[in-house]
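>>> What follows is a predicted structure for the sequence shown.
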Amino acid sequence: MYCTLGYSIPYYAAIEARLLYRNLPYCECVGVITVLSHFHSQSAIRLLHELCSQLCGTMHASRFVRAKPQELRRKMLSASSTSAGSTSAGSTSSVAPQKLGRVVLACTSANIGGLLAGLQLALFSGILEMGSFRDAMSPQPVNSRAKSIITAALIAGNIIGTLPAGPLSDRAGRRPALLVCAGLFTLGALIMANAKALFQISIGRLIAGIAQSIANVVGPMYSAELAPPHLRGMIVNIFQLSITIGIFLAQLINWTVWADDAWTRPLMFAISSAVVMFCAVLAFVPESPSWLAAKGRRVEALSASRWLDAVPPEADTAETAETGGIGGLETHSGRTSLMKLLRDASSRRRLLIGAVLSAAQQMTGINAVIFFGPALVADVLKLSGSAAPFKAAAIVGFGNFLATVLSMGVIERFGRRQLLLATGPPMIFSLVTIGMMRDGFIGRSGAVGVCALLVFICGFALAYGPLTFVVQSEIFPVSYKGTAMSFCTMVLSFCALGVATGFLPLLERFGGGIYYFHAVCIVASSIFIAAFVPETRSLSLSEIDRMLG
């Protein structure tokens, strides 16, 4: 239960188990306190000041106080026992630390959609080059125009999918939206695996693109609502990690099946993965307690929180509804249109931050670098033969995967703003280096090029890749989170479409200039981040909501 100076304190005894469960690295005196017994409002306020003084050595209850988690828990329990002894009716029960196993299981299952999105992004780079695929599509030629249409179909699906993704998750719930996502991935892959013509492939890709947008919106959103604040960045990053795993697996599959020339095998893997996601969501993904609480379904919210080990068995239903499960969301109700959000100053600011981060992620030039990367790696490692591009792409994909794994360890050690700002300069340096190599201003040294490539990929995987989804999942309240994240995903999809269709023509026309352009985009993004993006690390979603007004 959150008790705040100036707010009325409920008459019943509230057990503040959330601090002990989340093992918070920060204590906000004004927001986190244990009410041990029945108190009138004035008595409770005096107790608040007394406990703040004991815990933090200050009477300024509005400040954040740093403390190690173990020390904070010890102080909290000590203060609780001391205060309980001084009250006539005081009693409290000890609460075990939060068990994260089921939270991680639920979030991992919900984010299998990221793996499926990664598969769809990379599988057809190999399938389109297979002789068996060309024979299956005969007499239609698999030429550049056909490849462009098939590639564009996925992006078109991304754009179309952003329209229903938010309203679906806001109205029906996060869990039904994830089931629809898994079903669409399965349907799209089945259509492609049984296709006899290129238009059927395009239809399958369109459906898969719609599913991909739903995964982009709902996966990070669900994870943010379940994750405790001190681990939220890491848990939301499961989505980005899943994407990199999917891309790497697709590149590995393309490499291994190239010799057998079996174009349907990669799609069989995509079908089985989508079925696994559907079953995993049914078995291990409860509805978000925050969404249930926002809809007034308090008993179901408490039940879901208990399944996740997010509240103790004796917790009060009203308390769970107010706190919204372990994610710490405020409760809201109603539906909000995008136009209504744009008329509100606070919502408009949040949408601006989310949309710019979406655009910045694509305008870093990650697709341009990955396009250049396999050829560079193949040249340095002296790879040859028809499978050389797939081997090189798999190596680059593995590097991207390792960098994303590394980001899991540092994403909660540093702030969101710090990582986004700190990774900008090395990424800019890498882009300028690759551009100068492309234009011949510096020698085509394989070692220098590979180093620049790896630095850029590490920088992207540490910040712009995962933190775009992390920050977006944090800054929007539950009442319109789905609608807002759909809008941000639409911006991302349009930027991805622009980069995908414009990169090759611009590379032919301007050479290394396209890499300089992306470097300038990172400079502009860094200026925006420094000016407008707030720091959200270790804050509950309720605290972030209050901070943004």
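It's in. Owing to the predicted nature of the structure, the values given are computational and were not obtained by experimental measurement. Residues are numbered from 1 along each chain as shown.

>>> Thought residue 167 was touching residue 482, still the case?
Yes - applying Cβ atoms under 8 Å, one finds residue 482 in contact with residue 167, separated by 6.6 Å. Quick note: C-beta positions are derived from backbone N, CA and C, even for glycine.

>>> Look at residue 489 and give its secondary structure.
In the three-state summary, residue 489 is assigned as helix, counting by DSSP: H, G, I helix; E, B strand; the rest coil.

>>> contacting residues for it?
158, 161-162, 165, 213, 216-217, 358 (Cβ atoms under 8 Å, 6 or more residues apart in numbering).

>>> Give me the pLDDT for residue 198.
Per-residue pLDDT puts residue 198 at 92.

>>> rewinding a little: now that we have the contacts of residue 489, can you turn them into a markdown table and tack on distance to residue 419, secondary structure and pLDDT?
Output for those, formatted as a markdown table (distance: Cβ to Cβ, whole Å; DSSP: H, G, I helix; E, B strand; the rest coil; pLDDT from 0 to 100):
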| residue | distance to residue 419 | secondary structure | pLDDT |
| --- | --- | --- | --- |
| 158 | 26 | helix | 91 |
| 161 | 29 | helix | 92 |
| 162 | 26 | helix | 88 |
| 165 | 27 | helix | 89 |
| 213 | 26 | helix | 93 |
| 216 | 21 | helix | 91 |
| 217 | 23 | helix | 92 |
| 358 | 17 | helix | 95 |
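
>>> Considering these, which possesses the most neighbours?
Using other Cβ atoms under 10 Å as the neighbour test, the contacts of residue 489 are led by residue 217, with 34 neighbours.

>>> correct me, but residue 468 touches residue 359?
No - taking contacts as Cβ under 8 Å, residue 468 lies outside contact range of residue 359: 9.6 Å.

>>> list residues touching both of these two?
Residues touching both residue 468 and residue 359 by Cβ under 8 Å, 6+ apart: residue 492.

>>> Quick check: next helix or strand after the helix or strand harbouring residue 402?
Assigned by DSSP states H and E, residue 402 belongs to helix 388-410. Toward the C-terminal end, the helix or strand that comes next after helix 388-410 (DSSP H and E) is helix 416-439.

>>> Just the angle for that following helix relative to helix 388-410, thanks.
Angle between the axes of helix 416-439 and helix 388-410 is 160 degrees (criterion: axes from the mean of the first three to the mean of the last three Cα atoms, to 10 degrees).

>>> just checking, what packs against whichever helix or strand comes after helix 416-439?
Next along the chain after helix 416-439, taking DSSP H and E as the criterion, comes helix 446-459. Secondary-structure packing of helix 446-459 (3 or more Cβ pairs under 8 Å, 6 or more residues apart in numbering; DSSP states H and E): helix 366-380, helix 388-410, helix 416-439.

>>> Please tabulate the ones you listed in JSON lines and include mean pLDDT and distance to residue 526 as additional columns.
JSON lines is the format used below for the helices and strands packed on helix 446-459 (pLDDT from 0 to 100; distance: least, Cβ to Cβ, whole Å):
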{"stretch": "helix 366-380", "mean pLDDT": "69", "distance to residue 526": "16"}
{"stretch": "helix 388-410", "mean pLDDT": "84", "distance to residue 526": "18"}
{"stretch": "helix 416-439", "mean pLDDT": "91", "distance to residue 526": "4"}
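
>>> In JSON lines: those helices, plus distance to residue 460.
JSON lines is the format used below for the helices and strands packed on helix 446-459 (distance: least, Cβ to Cβ, whole Å):
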{"stretch": "helix 366-380", "distance to residue 460": "5"}
{"stretch": "helix 388-410", "distance to residue 460": "8"}
{"stretch": "helix 416-439", "distance to residue 460": "7"}
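
>>> So for residue 185, which of the ones you listed sits nearest?
Of all those, it is helix 388-410 that lies closest to residue 185, at 20.0 Å by Cβ to Cβ.

>>> Return the list of helices and strands in contact with the closest one.
Packing partners of helix 388-410 (3+ Cβ pairs under 8 Å, 6+ apart): helix 112-127, helix 232-257, helix 366-380, helix 446-459, helix 465-475.

>>> 10 Å instead, please
On a contact count with 3 or more Cβ pairs under 10 Å, 6 or more residues apart in numbering; DSSP states H and E, helix 388-410 meets helix 112-127, helix 232-257, helix 366-380, helix 416-439, helix 446-459, helix 465-475.

>>> wait, doesn't residue 169 sit right on residue 485?
Yes - between residue 169 and residue 485 a contact is recorded at 8.4 Å, counting by Cβ atoms under 10 Å.

>>> what residues do these two have in common as contacts?
Listed contacts common to residue 169 and residue 485 are 217-218, 221; contacts here mean Cβ atoms under 10 Å, 6 or more residues apart in numbering.

>>> which one among the residues you listed gets closest to residue 227?
Distances from residue 227 to the shared contacts of residue 169 and residue 485, taken by Cβ to Cβ, are shortest for residue 221, at 11.1 Å.

>>> Let me see the contact set for the closest one.
For residue 221, the contacting residues are 110, 165-166, 169-170, 174, 177, 236, 239, 288, 290-291, 469, 472-474, 476, 478, 481-482, 484-486, by Cβ under 10 Å, 6+ apart.

>>> Which strand or helix spans it?
helix 198-226.

>>> Please identify the buried residues of that helix?
Buried residues in helix 198-226, counted by 16 or more other Cβ atoms under 10 Å: 198, 201-226.

>>> same question, stretch 246-266
With burial defined by 16+ other Cβ under 10 Å, the residues of stretch 246-266 counted as buried are 246-255, 257-258, 263-266.

>>> how many neighbours does residue 342 have?
12.

>>> quick one: it and residue 487 touch, right?
Yes - taking contacts as Cβ under 10 Å, residue 342 lies within contact range of residue 487: 9.5 Å.

>>> Which residues are in contact with each of the two?
Joint contacts of residue 342 and residue 487 (Cβ under 10 Å, 6+ apart) are residue 351.

>>> Now residue 417. Nearest residue, chain neighbours left out?
Take residue 417 and drop its neighbours on the chain: the residue closest to it by Cβ to Cβ, 6 or more residues apart in numbering is residue 535, 5.0 Å away.

>>> In a strand, the one you found, correct?
No - counting by three-state DSSP, residue 535 is not found in a strand; it is coil.

>>> Who are the contact partners of it?
415-418, 471, 544, 547.

>>> and the closest residue in space to residue 438 that isn't next to it in sequence, how many residues sit next to it?
Spatial nearest neighbour of residue 438, excluding adjacent residues (Cβ to Cβ, 6+ apart): residue 512 at 3.8 Å. Residue 512: 19 surrounding residues under other Cβ under 10 Å.

>>> Quick check: residue 512 touching residue 365?
No - counting by Cβ under 10 Å, residue 512 stays clear of residue 365, with 11.6 Å between them.

>>> domain ranges for this structure?
Listed domain ranges for the chain are 18-85, 101-289+332-547 (source: automatic domain parsing).

>>> now for these, which one comes closest to residue 297?
Proximity to residue 297 (Cβ to Cβ) singles out domain 101-289+332-547 among those, at 8.5 Å.

>>> if we can go back for a sec, find residues that contact each of residue 512 and residue 365.
Residues touching both residue 512 and residue 365 by Cβ under 10 Å, 6+ apart: 431, 434-435.

>>> What is the nearest of these to residue 519?
Residue 519 lies nearest to residue 431 out of those, by Cβ to Cβ, at 4.2 Å.

>>> what about the residue nearest to the closest one when sequence neighbours are not counted, how many residues close to it?
Among residues not flanking residue 431 along the chain, residue 519 sits closest, at 4.2 Å (Cβ to Cβ, 6+ apart). For residue 519, the count of nearby residues is 21 (other Cβ under 10 Å).
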